[in-house]
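Engineer: give me a model of this one.
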Amino acid sequence: MTDTAAEGFGAPTSTSVPPPGGPAGPSDRAREADARGLGVSVTPEDAPAKAEGVFPYAADLWAEGLLWAAILRSPHPHARITAIDTSQAAAMPGVRAVVTHEDVPGDSSHGRRVADQPVFARDVVRYFGEPVAAVAAEHPDTARLAAAAIVVEYEPLTAVTDPELSFEAEPLHPDGNLVRHIPLRYGDPEAVGEVVVEGLYRVGRQDPAPIGAEAALAVPRPDGGVELYTASTDPHTDRDLAAACFGLPPEQVKVVVTGVPGAVGDREDAGLQVPLGLLAMRTGCPVKIAVSREESFLGHAHRHPALLRYRHHADGQGKLVKVEAQILLDGGAYADTSADALAAAVSFAAGPYVLPHAVVDGWVVRTNNPPAGHLRGEGALQVCAAYEGQMDKLAAKLGLDPVELRTRNVMATGDLLPTGQTVTCPAPVGELLRAVREAPLPPLPKDGPAESWLLPGGPGGAGEPGAVRRGVGYALGMVHMLGAEGADEVSTATVKVTGPVATVLCAAVEAGQGFTTLARQIVQETLGVEEVHVASVDTDQPPAGPGARGRHTWVSGGAVERAARMVRTQLLQPLAAKFGMSAELLSISDGKITSYDGVLSTSVAEALEGKELWATAQCRPHPTEPLDETGQGDAFVGLAFAAVRAVVDVDIELGSVRVVEMAVAQDVGRALNPRQLRARIEAGVVQGVGAALTEHLRVAKGVVRHPDLTAYALPTALDAPDVRIVKLVEERDVVAPFGAKSVSAVPVVVAPAAVASAVRSATGRPVNRLPIRPQAAVGNVT
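Structural biologist: Numbering: from 1, shown residues only. Next comes the predicted model:
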């Protein structure tokens, strides 16, 4: 959901939110028919089509003369290629083209931050599933058979799959094995506390596992270029990367964004688009690919697995003195966005707590594991699991209540991050923690046949009620909004009004976060126009950047609002001049234009009759700066915070865990679409529960094991807990266009740590690995 705020700041407010209900009923829809503008739960225009299964996605696209593509991927995590023979594949009936590294006319490598990943492996494959060749054929089965017929001779090499061994291993890449090292030093590195606790934590490889697997269509253009129809979440970057690989100017490559079937990380990137475009230009025909679920797991980036060593120092009253941490992220075979993930991990290594001293070293390295990349809360989730585990340990050693310990250390506006940056945005961390603590706890389940499904493992789990222990755990966490370390976060939008109809043109991709609904609400409130359409996205429009970290709420929503205000001025100035007053003395409300003194009163529709108005505007937040050689710098535009209380039932004989309830209090700035905001928080919590208990892409010696949705266990409706949003703190961030904050990522970050804390509470056992394995929850040592 996009979460934004209207103009004006006012006093901070806190909203206690009842548990969300089901879909809107008739009375809700009747109210929405009259409701518009910011702060209203407006239903997305595409909701009916998506609910009915008729919304078009890339997998549904078709074109005359369509060919089908298949990609041959490496069966080895590390091997030297000694020969590639495509003759058999090319000779098969129905095969129209086969391409390898020799057929890439431009840049042979790509990457969003570092261009280090080959389009096709040339001499060496560096991970299991790396693309080696691609085929276009008249039928998808023919394409797959032809890809399998390509003969590749490999000389297997030793795979480096342990990131700790990567430092001393032979270079896996010409750029070396170390992607980035950040040595953060803050305060006195020699400071020591009266009480010290240590811990070693591991976080596994979570997959974005989108509901819809990757698909795309490439159509050749008469000018020798190509059009790519795909569910891109960053179309202009994808266009530029593809054009560079094609050896074409960007204006000869067009990316058209189709429906996005789920995106909690980057979707179709150059690794899929470039082979498809090459085949389309080679054959002169449209070429489509729709990958299998197995290939989806192999083809996209995952969350960075992490190894985290921590030492917390505190005084006798529990005030933090120093945090020492060593953070090692496994970036996989290529760099991608790993440097960004490490910056977040190191910067937030101590969490939303005040401390005078910190010594943190963070590394991200290349291995022969699958590449890692952008996934909600990258970097922040991994360290949250560790520092909250440390806070539980510290509370136990001091004999303090875990909530009391956190309360004594929480961050507030005006405090400093260990990077030296002042927290200037609202930071109501203490208020959030109090809200989840004071929320009523769920009742204990009754012991009876009807409640057997409430046992950990369900009615078929063989659990005994007498072996079940309940635990309650707490966690606090934070994420940054927008890009960081000097990223140019700019977006452009155009608002056109023709008579009573407004159209928004902005290349911000609707990936389920609610941007198109937000854009409609902004224009409706600013101009009083009821009918607002948001144009589909392609790269003929000016860039709006990637959809991540609340970016489109802030910069794209801000650009829409500025363009709409410029159109508003065009509309009101002639009316104001006619009555000899300033346009600032006119207001638009409920579809009417009125003056401050009531002299002027007319409908917006009447004022727009026969007119065509338009304006284009940009929004760019204040600049940030890279972290320096000691990890210091104002690297972030803004921060968002959340507190989560998890209640779990644990079968201490079987080690099975059931999450009973997740109580959430979150810092949201302002909720412009309350229902969508609640939905985004719920979705983030469930994704976090998956990271805590079930989601782990198993990789053995570099080989992905069972890449399917049977072995990779996403939480189902039965696994999803009750999510109680007990408080939304609406204290507006004055530097944001609407005073709003990102809402989707921070519950993903905090939920796993809260679940782990609750399992510790239930069992008394140290829980230092995510996802939590059954053996970690067996037994009760309390």
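Engineer: and the strands in the stretch 101-250 of the chain?
Structural biologist: Using DSSP state E, counting those that start in this stretch, the strands of the stretch 101-250 of the chain run over residues 109-110, 117-118, 124-125, 131-137, 151-156, 178-186, 195-203, 215-220, 226-230.
Engineer: including mean neighbour count, could those strands go into a markdown table?
Structural biologist: In this view, the C-beta of every residue, glycine as well, is placed from N, C-alpha and C. As requested, those are exported to a markdown table (neighbours: other Cβ atoms under 10 Å):
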| stretch | mean neighbour count |
| --- | --- |
| strand 109-110 | 22 |
| strand 117-118 | 24 |
| strand 124-125 | 24 |
| strand 131-137 | 27 |
| strand 151-156 | 14 |
| strand 178-186 | 19 |
| strand 195-203 | 18 |
| strand 215-220 | 24 |
| strand 226-230 | 25 |
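Engineer: which of these sits closest to L627?
Structural biologist: Relative to L627, the nearest member of these by Cβ to Cβ is strand 178-186, separated by 6.2 Å.
Engineer: what lies in contact with the closest one?
Structural biologist: Applying Cβ atoms under 8 Å, 6 or more residues apart in numbering, the set of residues contacting strand 178-186 from outside is 114, 166-167, 331, 335, 338-339, 342-343, 346-347, 349, 357-366, 418-420, 627, 629-632.
Engineer: for ChimeraX, what selects the buried ones among the residues you listed?
Structural biologist: Selection of buried members from the contacts of strand 178-186 for ChimeraX, criterion 16 or more other Cβ atoms under 10 Å:
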select :114,166,331,335,338,339,342,343,346,347,349,357,358,359,360,361,362,363,364,365,366,418,419,420,627,631,632
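Engineer: what's the burial count for L444?
Structural biologist: Counted with other Cβ atoms under 10 Å, residues neighbouring L444 total 11.
Engineer: now the phi/psi pair for it, please.
Structural biologist: phi -70, psi 140 (degrees, to the nearest 10).
Engineer: what helix or strand is the residue lying closest to it once chain neighbours are set aside on?
Structural biologist: Closest residue in space to L444, ignoring its immediate chain neighbours: R470 at 6.8 Å, by Cβ to Cβ, 6 or more residues apart in numbering. Using DSSP states H and E, the element containing R470 is strand 468-484.
Engineer: what of A325?
Structural biologist: Applying DSSP H and E as the criterion places A325 in strand 320-330.
Engineer: adjacent strands (with direction) for that strand?
Structural biologist: Applying DSSP bridges to the sheet, strand 320-330 is found paired with strand 306-314 (antiparallel), strand 357-365 (parallel).
Engineer: low-confidence stretches in the stretch 501-650 of the chain?
Structural biologist: Scanning the stretch 501-650 of the chain for pLDDT under 70 picks out no residues.
Engineer: helices of that one, start to end?
Structural biologist: When assigned using DSSP state H, counting those that start in this stretch, the helices of the stretch 501-650 of the chain occupy the ranges 515-527, 551, 557-578, 604-608.
Engineer: cool, and the stretch 51-200 of the chain?
Structural biologist: 87-91, 140-149, 163-166.
Engineer: so can I have JSON lines of the ones you listed showing mean pLDDT and distance to A386?
Structural biologist: Below are the helices of the stretch 51-200 of the chain laid out as JSON lines (pLDDT from 0 to 100; distance: least, Cβ to Cβ, whole Å):
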{"stretch": "helix 87-91", "mean pLDDT": "97", "distance to A386": "48"}
{"stretch": "helix 140-149", "mean pLDDT": "97", "distance to A386": "42"}
{"stretch": "helix 163-166", "mean pLDDT": "97", "distance to A386": "16"}
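Engineer: nearest to A231, out of the ones you listed?
Structural biologist: Across the helices of the stretch 51-200 of the chain, A231 has its closest neighbour in helix 140-149 (18.8 Å, Cβ to Cβ).
Engineer: what helix or strand is V346 located in?
Structural biologist: helix 338-347.
Engineer: angle of that helix against strand 468-484?
Structural biologist: With axes from the mean of the first three to the mean of the last three Cα atoms, to 10 degrees applied, the angle from helix 338-347 to strand 468-484 works out at 120 degrees.
Engineer: tell me what helix 338-347 is packed against?
Structural biologist: Under the contact definition 3 or more Cβ pairs under 8 Å, 6 or more residues apart in numbering; DSSP states H and E, helix 338-347 sits against strand 178-186, strand 320-330, strand 357-365, helix 380-398, strand 468-484.
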